[in-house]
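S.K.: got a structure for you, letters missing:
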């Protein structure tokens, strides 16, 4: 193989490798955020941990609705106090205040951001489209727990409160696309 052919093979390999890396970067970044809890990314779980600690954390709930979605959306309670490792429950409700069916999708975040790694949801409505008929009201429960390994992380000793915030946007809207882009860029 002559020098020009080797350079061509090298450049083509580099371009293909960079293309593959660019293609895989979003799923790899998402995996990184879910594993590490980076930027407040919460975890999902199918089961509760075996351990419950005496340490309690206050979980606060915040809800917002886009001005372009004619819904009332709120948590039924402002906060709950839960023991680490124990199941927590909060009911959110949404009501369509319009005379036509509407569909919305919620995005979320957890603050402080460093707590996302330890905040596990076992049931949630986030990222799923929710369609409400005119004047329909729907309960949307969120089941969660705080991972007991939070007690072993000295960086988390100052965390006594965690806020779980949801924002609902019209489904398939530029507004939702912007919120999702901000969500994934924050991770």
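M.R.: Great, that's in hand. Just so it is clear, the structure is predicted and the values come from calculations on it, not from any experiment.
S.K.: What is the three-state secondary structure of residue 57?
M.R.: strand (DSSP: H, G, I helix; E, B strand; the rest coil).
S.K.: for the residue nearest to it when sequence neighbours are not counted, what are its contacts?
M.R.: Spatial nearest neighbour of residue 57, excluding adjacent residues (C-beta to C-beta, 6 or more residues apart in numbering): residue 146 at 5.6 Å. From N, CA and C alone the C-beta is placed, and that goes for glycine too. Residues in contact with residue 146, defined by C-beta atoms under 8 Å, 6 or more residues apart in numbering, are 57, 82, 84-85, 88, 118-120, 162.
S.K.: at 6 Å what do you get?
M.R.: 57, 84, 118 (C-beta atoms under 6 Å, 6 or more residues apart in numbering).
S.K.: where along the chain do the strands fall?
M.R.: Remark: strands assigned in the chain by DSSP state E are 43-44, 56-65, 71-75, 79-83, 88-96, 102-111, 119-123, 130-132, 137-146, 161-170.
S.K.: one step back: reformat the contacts of residue 146 as CSV; add distance to residue 101, pLDDT and neighbour count.
M.R.: CSV is the format used below for the contacts of residue 146 (distance: C-beta to C-beta, whole Å; pLDDT from 0 to 100; neighbours: other C-beta atoms under 10 Å):
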residue, distance to residue 101, pLDDT, neighbour count
57, 38, 96, 21
84, 41, 95, 20
118, 38, 92, 23
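S.K.: Of those residues, just say which sits nearest to residue 171.
M.R.: Among the contacts of residue 146, residue 118 lies closest to residue 171 (C-beta to C-beta), at 30.1 Å.
S.K.: Surely the closest one and residue 152 touch.
M.R.: No: counting by C-beta atoms under 6 Å, residue 118 sits too far from residue 152 to count as a contact (10.2 Å).
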